[in-house]
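>>> coords below, sequence missing:
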């Protein structure tokens, strides 16, 4: 977190013990998320950085991915401090973990 915040100057949008979400400057929907090794979600990220794919309707996306036989990892989770921001994970055919995300907050700027 210190590298992104202090060296690269990326502002922290949300922080709690073991997790930080930083806002990238290009878009109000682009983030860097940093997980501490002891964060329960960190174990998912053993294949390297996780790409998050933004969808309009996360519940429908989950239904469609499940019907297509994609391995779903965990339930949909909603970030309490950011109403309308949620995610779940899938394992792609390449073995990597991906995040499926919804951000239905009104755009800023």
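Sure thing, it's come through. All values reported here derive from a predicted model rather than from experimental measurement.
>>> just the helices in this structure please.
2, 58-67 (DSSP state H).
>>> quick check: which of those is nearest to residue 39?
Nearest to residue 39, of all the helices of the chain, is helix 2, at 16.1 Å by Cβ to Cβ. In this view, the C-beta of every residue, glycine as well, is placed from N, C-alpha and C.
>>> neighbours of the residue nearest to residue 58 when sequence neighbours are not counted, just the number please.
Distances taken as Cβ to Cβ, 6 or more residues apart in numbering place residue 102 nearest to residue 58, at 3.7 Å, with adjacent residues excluded. Residue 102 has 21 neighbouring residues, counting by other Cβ atoms under 10 Å.
>>> OK, contacts around residue 102?
54-58, 61, 84-87 (Cβ atoms under 8 Å, 6 or more residues apart in numbering).
>>> ok, back up a step: for the helices of the chain, which one ends up most surrounded?
Mean neighbour count (mean count of other Cβ atoms under 10 Å) peaks for helix 58-67 among the helices of the chain, with a mean of 14.
>>> how far does that helix sit from its chain's centre?
17 Å (Cα atoms, centre = their mean, to the nearest Å).
>>> other SSEs contacting that helix?
strand 71-78, strand 85-91, strand 97-103 (3 or more Cβ pairs under 8 Å, 6 or more residues apart in numbering; DSSP states H and E).
>>> residue 20 reaches residue 31, doesn't it?
No. Using Cβ atoms under 8 Å, residue 20 is not in contact with residue 31, being 9.9 Å away.
>>> out of these two, which sits in the busier spot?
The neighbour count for residue 20 versus residue 31, taken as other Cβ under 10 Å, is higher for residue 20 (21 against 18).
>>> ok, now which ones touch the closest residue to that one other than its chain neighbours?
Spatial nearest neighbour of residue 20, chain neighbours left out: residue 1 (4.3 Å); criterion: Cβ to Cβ, 6+ apart. The contact partners of residue 1, by Cβ under 8 Å, 6+ apart, come to 12, 15, 20, 22, 34.
>>> before we move on, the earlier item: looking at the helices and strands packed on helix 58-67, which is closest to residue 39?
strand 71-78 (12.7 Å).
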